[in-house]
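J.: This is a predicted model, with the sequence first.
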Amino acid sequence: MESLLNETQVSEKIQVSLACLRRWRVRGEGPPYVKVGPLVRYRPEAITEWIEALPAGGNGRRPVGRTDSRRRMALSA
């Protein structure tokens, strides 16, 4: 039988608050879960797959040639 993780374990594992994890669940944005009666549980492999499917971040630099017209307008005013 596979071991399921509870909300607290998942929030600690992915380092987000319990409230954030719950908000994602309500919005359908978080990792897939299963209901065991009234309990919410997560499969460890589903957490891993969800994390791997998240978009990767950039290198921290702004793209060359991108301008923000709102910022330019604020600076010129």
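T.: That came in fine, so what should we check first? Residues are numbered from 1 along each chain as shown.
J.: can you give me the strands for the protein?
T.: Along the chain, the segments classed as strands by DSSP state E run 34-36, 39-41.
J.: Count the residues that sit near residue 18.
T.: 12 (other Cβ atoms under 10 Å). Yep, even glycine has a C-beta here, placed from its N, CA and C like the rest.
J.: Skipping its backbone neighbours, what lies nearest it in space?
T.: residue 11 (4.7 Å; Cβ to Cβ, 6 or more residues apart in numbering).
J.: Kindly report the same for residue 6.
T.: residue 41 (6.3 Å).
J.: How about residue 36?
T.: Using Cβ to Cβ, 6+ apart and skipping residues adjacent in sequence, the residue nearest residue 36 is residue 4, 7.3 Å away.
J.: so what's the backbone phi/psi at that neighbour?
T.: phi -100, psi 150 (degrees, to the nearest 10).
J.: any idea how far the residue nearest to residue 18 lies from residue 21?
T.: Separation of residue 11 from residue 21 (Cβ to Cβ, to the nearest Å): 5 Å.
J.: now swap in residue 36 and tell me
T.: From residue 36 to residue 21 the distance is 17 Å (Cβ to Cβ).
J.: Just give me the neighbour total for residue 62.
T.: 8.
J.: show me what contacts it?
T.: For residue 62, the contact set (Cβ atoms under 8 Å, 6 or more residues apart in numbering) is empty.
J.: nearest residue to the spatially most central residue of the chain other than its sequence neighbours?
T.: In the chain, the centroid-proximal residue (Cα atoms, centre = their mean) is residue 30; its distance is 5.9 Å. Distance criterion Cβ to Cβ, 6+ apart; nearest residue to residue 30, sequence neighbours excluded, is residue 24 at 3.0 Å.
J.: go on, residue 9?
T.: That would be residue 42: by Cβ to Cβ, 6+ apart, it lies 7.9 Å from residue 9.
J.: can you pull the contacts of that neighbour?
T.: Per Cβ under 8 Å, 6+ apart, neighbours of residue 42: 4, 5, 6, 7, 9, 10, 31, 32, 33, 34.
J.: Output the residues you listed in a markdown table, with distance to residue 16 appended to each entry.
T.: Converted to a markdown table, those look like this (distance: Cβ to Cβ, whole Å):
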| residue | distance to residue 16 |
| --- | --- |
| 4 | 18 |
| 5 | 14 |
| 6 | 14 |
| 7 | 11 |
| 9 | 12 |
| 10 | 9 |
| 31 | 11 |
| 32 | 16 |
| 33 | 14 |
| 34 | 19 |
